[in-house]
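Q: would you be able to build a 3D model of this:
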Amino acid sequence: MRAESSATAPNRVAVGAPEQHTEPRCTGPEHTRPERGGPQSGRPRAIVAARRAGTLQAALGVVAFSLTFPATAWGLEGFGPWSLVAVRSVLAAVVAGGCLLALRVPPPAPRHWPGLAVVAAGVVLGFPLLTTLALKTSTTAHAAVVVGLLPLTTALFSALRVGTRPSRTFWAAALAGAAAVGAFTAQQSGGALTTADGFLFGALLVCAAGYTEGGRLARIMPGWQVIGWALVLCLPVTVPLTALALSYEPVRLSAHGVAGLLWVAVGSQFLGLVVWYRGMAAVGIPRASQLQLAQPLLTLVWSVLLLGEHLTAAAVLTAAAVLVCIAVTQRARG
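A: As a prediction, the model looks like this:
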């Protein structure tokens, strides 16, 4: 019987985290030294290829997310914070719902809806709203570095919810990156937390919960369907909220405002999460989450290029420190 037959390698393993894959056990003497190029030698290569593809998809998600804060700052030039969050969610839901209808995707099983509700509350509503409120009084550079704590928070949620057990080296590097971010936050605020920091730390918690639950569901259904159904699930809340917010907050249409709205709606809220959840399903939640340590550095670059913000030496050094931690976490065996 071949090692890749349905009796030894169920199809559902392909969507699990590669760290959990194991080599087929050799039970007979004829299998002690498999021929080069045979089924057993091809299996590790397939796993490595899947891991690289998953890492690339997660990295593309990080690039998309790194533009979220600068795009939000642009969006706030034309919309109020509540209007921006509500409209972006509705627009993203229209795109996602259109895809679900066009492809005639059946609704998820009832047992998956509680998990989708967590994704909706954390990634569709909670994180965008809290970070948008924070950006009313905080710079994008400061917010980006504070959100550098998100990888560690997501890894902790993953350990509690999914039962992942990364190595000690992984945790050491993740904690080092978190410590660098914590020191930067304290230095920027003079040792006292601001209201914006409170919003940002709240955003970390709800987003980490949404990422963890979404990464778990992405092993069961395609990643684009995870965020698609979560967006659709929010429509009974976001549609009335949009009408109410637009009636109270004035809208001043501008090129920056419209461009920022379109990016956070389609780029960050939908397309970025599609590739992000696919990557998390392929390489595992903790390993994918640590790629987000690069997000503060990328956002700092965008804040200079798009917003003309001035970077402090502390921000650059902190971003560089967490970037080094990425290399360690990606090489550590999870």
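Q: quick one: low-confidence parts of this protein?
A: Applying pLDDT under 70 to the chain picks out residues 1-43, 162-164, 166, 185-186, 188-193, 326-327, 329-334.
Q: what about the longest helix in it?
A: Determined from DSSP state H, the single longest helix within the chain is helix 39-66.
Q: which strands or helices does it pack on?
A: helix 272-283, helix 285-290, helix 295-307 (3 or more Cβ pairs under 8 Å, 6 or more residues apart in numbering; DSSP states H and E). To be clear about C-beta, it is placed using only N, CA and C from the backbone, and glycine gets the same treatment.
Q: so which of the ones you listed comes closest to residue 224?
A: Comparing those against residue 224 with Cβ to Cβ, the closest turns out to be helix 272-283 (4.2 Å).
Q: what's next to that closest one, contact-wise?
A: Outside helix 272-283, the residues that touch it by Cβ atoms under 8 Å, 6 or more residues apart in numbering are 15-19, 50-51, 53-62, 64-65, 68, 123, 211, 214-215, 217-219, 222-224, 226-227, 288-289, 291.
Q: neighbours of residue 91, how many?
A: 20 (other Cβ atoms under 10 Å).
Q: what does the strand or helix carrying it rub up against?
A: In the assignment (DSSP states H and E), residue 91 maps to helix 81-102. For helix 81-102, contacts defined as Cβ under 8 Å, 6+ apart pick out 72, 75-76, 79, 105, 124-125, 128-129, 132-133, 136, 224-225, 227-229, 231-232, 234-235, 238-239, 241-242, 245-246, 248-249, 251, 261-262, 264-266, 269-270.
Q: can you select the buried ones from those residues in ChimeraX?
A: To isolate the buried members of those in ChimeraX, using 16 or more other Cβ atoms under 10 Å:
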select :72,75,76,79,124,125,128,129,132,133,224,225,227,228,229,231,232,234,235,238,241,242,245,246,261,264,265,266,269,270
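Q: helix or strand for the closest residue to residue 207 other than its chain neighbours, just tell me which one.
A: Leaving aside its sequence neighbours, residue 207 sits nearest to residue 127 (Cβ to Cβ, 6 or more residues apart in numbering; 4.0 Å). Applying DSSP H and E as the criterion places residue 127 in helix 127-134.
Q: mind listing residues that contact that helix?
A: 68-69, 72, 76, 81-82, 84-85, 88-89, 143, 147, 196-197, 199-200, 202-203, 206-207, 210, 264, 269.
Q: next secondary structure after that helix?
A: Immediately after helix 127-134, counting by DSSP H and E, sits helix 140-146.
Q: next, the buried residues of that next one.
A: Applying 16+ other Cβ under 10 Å to helix 140-146 flags 140, 141, 142, 143, 144, 145, 146 as buried.
Q: now do stretch 48-55
A: 50, 51, 54, 55.
Q: got CSV for those residues, with distance to residue 176 too?
A: Below are the buried residues of stretch 48-55 laid out as CSV (distance: Cβ to Cβ, whole Å):
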residue, distance to residue 176
50, 29
51, 24
54, 24
55, 21
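Q: what number of residues lie near residue 95?
A: For residue 95, the neighbour count with other Cβ under 10 Å is 16.
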